[in-house]
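Chemist: quick one, what's the 3D model for this:
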Amino acid sequence: MRNVELKARLDDPDAAERIALRLSGSTAPRVLMQVDTYFVVPAGRLKLREADEGAELIYYHRGDTPGPKESQYRIVPVGSPGPLKELLGACLGVKVVVRKTRRLYLVDSVRIHIDEVEGLGSFLEFEALLGEGDPAEDGYRLVRRLISEFDLVDGDLIAESYGELID
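Modeler: The predicted structure is shown next:
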């Protein structure tokens, strides 16, 4: 699977929420509490995400540059995250644990996340989902539109995952 994504620091989460609500046409976001355990891997990123709705193992690879970038990822649902986390931690090593509250909005094929990350602060993330034959440019176009809607500037954009920012 793949998407085009962007992550940015967020000075005013309330203003971002007003924009996300307007663009999504919803009255309230879906609120998710997530704990991501990142494991040490030679390439890409591997994390076990635990949330109220379940757990999943996520592997992804993307460039570490600020601004929109294409990401390749795979997700596997996990029924018993505790034993898997212990096993992966023993085999690979735990890099870092990230705890966040995520407010999720949907605009067209883009997931907008307003994240409060423990120890880091507020962030805005866009994930433009791409179908099997969709050109990456479709995702870039959607993300660039949202950059404009949220009035983001180059200084807001970050290259790293939350795992690298905490580490």
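Chemist: ok, what's across the strand from residue 107?
Modeler: Per DSSP bridges, the residues bridged to residue 107 are residue 110.
Chemist: any idea how far it is from residue 132?
Modeler: Distance, residue 107 to residue 132, by Cβ to Cβ, to the nearest Å: 21 Å. Placement of C-beta: from N, CA and C, glycine included.
Chemist: for the protein, what spans make up the strands?
Modeler: 2-9, 30-39, 45-51, 54-62, 69-78, 94-107, 110-117, 121-130, 157-158 (DSSP state E).
Chemist: does residue 140 really touch residue 67, like I thought?
Modeler: No. Shown here, residue 140 and residue 67 do not form a contact pair, counting by Cβ atoms under 8 Å, at 9.7 Å.
Chemist: can I get the longest helix anywhere in the chain as CSV, trimmed to CA atoms?
Modeler: The helix spanning the most residues in the chain, taking DSSP state H as the definition, is helix 136-149. What follows is helix 136-149, C-alpha atoms only, in CSV (Å, rounded to 0.1, in the frame of the first residue of the first chain):
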residue,chain,number,x,y,z
ALA,A,136,1.4,9.6,-6.9
GLU,A,137,0.8,13.0,-8.3
ASP,A,138,-2.8,12.7,-7.3
GLY,A,139,-1.8,12.4,-3.7
TYR,A,140,0.8,15.3,-4.0
ARG,A,141,-1.9,17.5,-5.5
LEU,A,142,-4.3,16.8,-2.5
VAL,A,143,-1.6,17.4,0.1
ARG,A,144,-0.4,20.6,-1.6
ARG,A,145,-4.1,21.9,-1.5
LEU,A,146,-4.2,21.1,2.3
ILE,A,147,-0.9,22.9,2.9
SER,A,148,-2.5,26.0,1.4
GLU,A,149,-5.8,25.5,3.4
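Chemist: thank you kindly, that will do.
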